[in-house]
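Student: I'd like to go over a predicted model; first the sequence, then the structure.
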Amino acid sequence: MNVRLRHDAIVRSLRRTGTSTVADLAADVGASRRTVLRDISALRDAGFVIHSEPGRGGGLQLDPQSVQTTTKLSVAEVFALLISVASMRAAGNLPFAGLADAGLAKIEKALPRDKVRDLRRLLDCLYVGQLSPLVDISDLSMMDPALLPAFETAFLQRQCIGFQYRDARGGLTDRIVEPHAMLILPPLWYLVAWDPARDDLRHFRMDRIGRPELVQGAAFQRRHVPFEDHVRPVRDLSR
């Protein structure tokens, strides 16, 4: 478990239990007591108010107000929330849509100006539509969690991305492409990219992409991506 995930796990554990010992937290996150103590110090430096009471019956307590005021979301995390909502809306399966949109609007307002700019640039690359019932989704699998962080940098910096792609027959090829759009056709998600090796725009199913990594080099120019009539920019979806 990396540091960020461990910090999140500690905060969740303290919120859930109210009071916890260092030993209990260490067992929860699979780390040593010394590591957890360093994590507690880092969380305090980040603004979380964590009280410590020695003796029997004591332990660590998290001030619930500090969670509401100091939790920091990255652009990729907010983008993941937004595209998840957009995907559910496109599939016609978004209960409590008004509350979801109101909550996301509050999150966006809390972001620093530079992160808001990056978020809007990412949203400009996101499109949503309906999947044809003729498309076979029997082999649908989980997407690599490393995709979204890699896409964030690639889209914002217009940087090529390399990955291993598995086709419908299971064959593997290595690709280096220019990412230009993300297309959500629930339950399938696609990376729409210019493939220099094929000299054409290609749609890559994200659940078939593995080992994504950024490719250093000159930034590419954004290309026009044609979509079918039923596909709309996510910004055009009614809220």
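Tutor: Received, thanks.

Student: name the nearest residue to residue 152, sequence neighbours excluded.
Tutor: residue 76 (4.7 Å; C-beta to C-beta, 6 or more residues apart in numbering). Just so you know, the C-beta spots here come from the backbone N, C-alpha and C atoms, and that holds for glycine as well.

Student: revised request: answer the last question for residue 230.
Tutor: Excluding the flanking residues, the one nearest residue 230 by C-beta to C-beta, 6+ apart is residue 129, at 4.9 Å.

Student: hang on, the earlier thing: and the helix or strand hosting the residue nearest to residue 152, what does it pack onto?
Tutor: Under the criterion of DSSP states H and E, residue 76 resides in helix 75-90. With contacts defined as 3 or more C-beta pairs under 8 Å, 6 or more residues apart in numbering; DSSP states H and E, helix 75-90 has these neighbours: helix 97-110, helix 113-123, strand 126-128, helix 147-157, strand 172-185.

Student: who's in contact with it?
Tutor: Helix 75-90 is contacted from outside by 94, 97, 100-101, 104, 107-108, 111, 115, 118-119, 122-123, 126, 128-130, 148-149, 152, 182, 184-186, 189, 234, 237, using C-beta atoms under 8 Å, 6 or more residues apart in numbering.

Student: report the angle between that helix and strand 172-185.
Tutor: Interaxial angle, helix 75-90 versus strand 172-185 (axes from the mean of the first three to the mean of the last three C-alpha atoms, to 10 degrees): 60 degrees.

Student: how far does helix 75-90 sit from its chain's centre?
Tutor: Relative to its chain's centre, helix 75-90 lies at 8 Å (C-alpha atoms, centre = their mean, to the nearest Å).

Student: how is this protein carved up into domains?
Tutor: In terms of domains, the chain is parsed into 3-70, 75-236 (source: automatic domain parsing).
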